[in-house]
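Engineer: only geometry, no sequence info:
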């Protein structure tokens with residue numbers, strides 16, 4: 001089973017968005033994977049991080065979706081931080097944007113999840 005790390009908060013200062021992990025990854029070498037998927041059962045977006053023997057999940061629960069929405073308006077990729085470490089989340093904004101537009105009106109993700117995404121990202125969806 002892959003290890004999942006949960007983002008519990010974040011901050012935004014201008015176009016600088018930083019997400020904070022609840023716990024530090026145990027893996028020594030962690031790199032941005034550049035891919036975002038959904039976990040509709042847990043109402044979360046999940047960023048894949050590459051590690052030596054595969055990848056780990058970084059989960060963005062519904063509590064941080066308002067900051068996810070604001071990160072789409074920034075002109076640079078967000079950063080994930082834990083302890084003294086940080087890593088830029090490559091391709092994050094493009095992946096998130098593609099997902100929310102794919103989820104809009106698409107109940108294959110589950111009606112409750114789709115509705116929650118549409119509500120959280122209504123401003124971004126209205127710009128299309």
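Structural biologist: Thanks, I have it. As the structure is a computational prediction, the values presented were derived from the model and not from experiment.
Engineer: buried set for the longest helix that the chain contains?
Structural biologist: Using DSSP state H, we find that the single longest helix of the chain is helix 92-103. By neighbour count with 16 or more other Cβ atoms under 10 Å, helix 92-103 contains the buried residues 92, 93, 95, 96, 97, 99, 100, 103. Using the backbone N, CA and C atoms, a C-beta is placed for each residue, glycine as well.
Engineer: Now do the same contact list for residue 90.
Structural biologist: Residues in contact with residue 90 (Cβ atoms under 8 Å, 6 or more residues apart in numbering) are 32, 33, 34, 77.
Engineer: What are the contacting residues of the longest helix of the chain?
Structural biologist: For helix 92-103, contacts defined as Cβ under 8 Å, 6+ apart pick out 34-38, 45, 47, 68, 71-72, 74, 77-78, 109, 113-114, 117-118, 121, 124-125, 128.
Engineer: And stretch 5-16, by the same measure?
Structural biologist: Contacts of stretch 5-16 (Cβ under 8 Å, 6+ apart): 17-23, 25, 56-61, 63-64, 67, 70-71, 74-76, 78-80, 82.
Engineer: Return a PyMOL selection command for the buried portion of these.
Structural biologist: Remark: buried members of those, expressed as a PyMOL selection using 16+ other Cβ under 10 Å:
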select buried, resi 17+18+19+21+25+56+57+58+59+60+64+67+70+71+78+79+80+82
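Engineer: and the contacts of stretch 5-16, which of them are in helices?
Structural biologist: Taking DSSP H, the ones among those that sit in helices are 67, 70, 71.
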